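Asks: kindly return the folded structure for what I paste below:
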Amino acid sequence: MQRRSFIKKAGIGSLAMTTFPLTTIQNDQEYSIVELTGKATIDLYGEGINLRKEAHDAFVLMKKAAYSAGFDIKMISSYRDFYRQEAIWERKYISYTEEKGMLPIDAIAKIIEYSTIPGTSRHHWGTDIDIIDGYPKVNGDVLVPEKFEEGGPFEPFKKWLDQNAEKFGFYLVYTDDYFRKGFKYEPWHYSYAPLSKLMLTQFRKKNIFRMIQNETFEGAEHFTTSFLKNYIHNNILDINPDLL
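Replies: You can find the predicted model right below:
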């Protein structure tokens with residue numbers, strides 16, 4: 001399917017962004033460690049969207065504006081509970097160690113280039129999304145940075161997001177800042193800041209170190225004190241400063 005021309009719709013897109021300005025959400029809710037680690041059942045909204053209510057509503061507005069500009073936002077991933085993240089982690093760990101013969105510590109280092117330790121994923125919060133433009137025909141894995149860069153199928157969409165996503169409260173999490181550490185650049189991963197900033201603040205106050213140490217999924221026994229300290233500092237906290 002070819003991307004639609006937005007000659008007739010451009011005015012509507014502009015109107016959407018001026019008629020529905022982002023408002024600051026007054027949120028003083030306390031989130032439990034069970035909820036922040038994806039082990040609680042939470043209310044999710046939208047078929048194929050699966051976000052908390054405020055994030056869902058903002059996403060719908062952004063999707064409508066993008067559609068008016070000639071893009072079809074396709075949700076690749078949103079909410080993931082602890083057990084889904086655990087399955088992803090263990091599948092990769094077993095593949096790297098048993099099928100490819102990697103040492104456990106090397107397998108773990110490979111996994112955390114893009115995947116989080118279960119219980120520490122921002123996708124547990126119902127605020128974060130992985131998105132692409134559904135119009136271009138793309139072969140293979142769609143979540144590849146090069147496909148969002150110059151000459152890639154999602155280059156126009158990424159430029160639109162750079163100019164508009166923050167108007168709806170969505171901020172890029174893992175930027176291409178040269179000095180940033182932790183997870184690699186993810187041009188597809190956005191977070192609804194009005195909710196996720198508070199959730200991260202509360203998550204930081206929990207004993208994340210001890211929580212990870214108590215887990216028993218594949219590979220967890222190889223987490224050293226030094227590794228966990230670096231993971232918390234680099235992978236959880238070295239993100240877009242607008243989300244801190």
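Asks: let's verify Gly101: helix, strand, or coil?
Replies: Secondary structure for Gly101, judged by DSSP: H, G, I helix; E, B strand; the rest coil, is coil.
Asks: can you report how many residues lie near it?
Replies: By other CB atoms under 10 Å, the residues close to Gly101 number 9. Quick note: C-beta positions are derived from backbone N, CA and C, even for glycine.
Asks: contacting residues for it?
Replies: Counting by CB atoms under 8 Å, 6 or more residues apart in numbering, Gly101 touches no other residue.
Asks: quick one: it from Glu113, how far?
Replies: Distance, Gly101 to Glu113, using CB to CB, to the nearest Å: 18 Å.
Asks: and the lengthiest helix in the chain, what does it pack onto?
Replies: If you go by DSSP state H, the chain has its longest helix at helix 53-68. Packing partners of helix 53-68 (3 or more CB pairs under 8 Å, 6 or more residues apart in numbering; DSSP states H and E): helix 10-19, strand 73-77, helix 155-164, strand 170-172, strand 189-192, helix 193-205.
Asks: and it, how far out from the chain middle?
Replies: 16 Å (CA atoms, centre = their mean, to the nearest Å).
Asks: output the below-cut-off pLDDT ranges for this protein.
Replies: Under the criterion pLDDT under 70, the flagged ranges of the chain are 1-27.
Asks: could you redo the last one with a cut-off of 80?
Replies: Within the chain, the stretches with pLDDT under 80 are 1-28.
Asks: how many other residues sit next to Lys184?
Replies: 11.
Asks: now the one 3 residues further on
Replies: A count of nearby residues for Pro187, using other CB under 10 Å, gives 25.
Asks: do Ala55 as well
Replies: 31.
Asks: just Ile232 next, same as before
Replies: 18.
Asks: wait, it touches Met211, no?
Replies: No. Applying CB atoms under 8 Å as the test, Ile232 and Met211 come out as separate, 10.4 Å apart.
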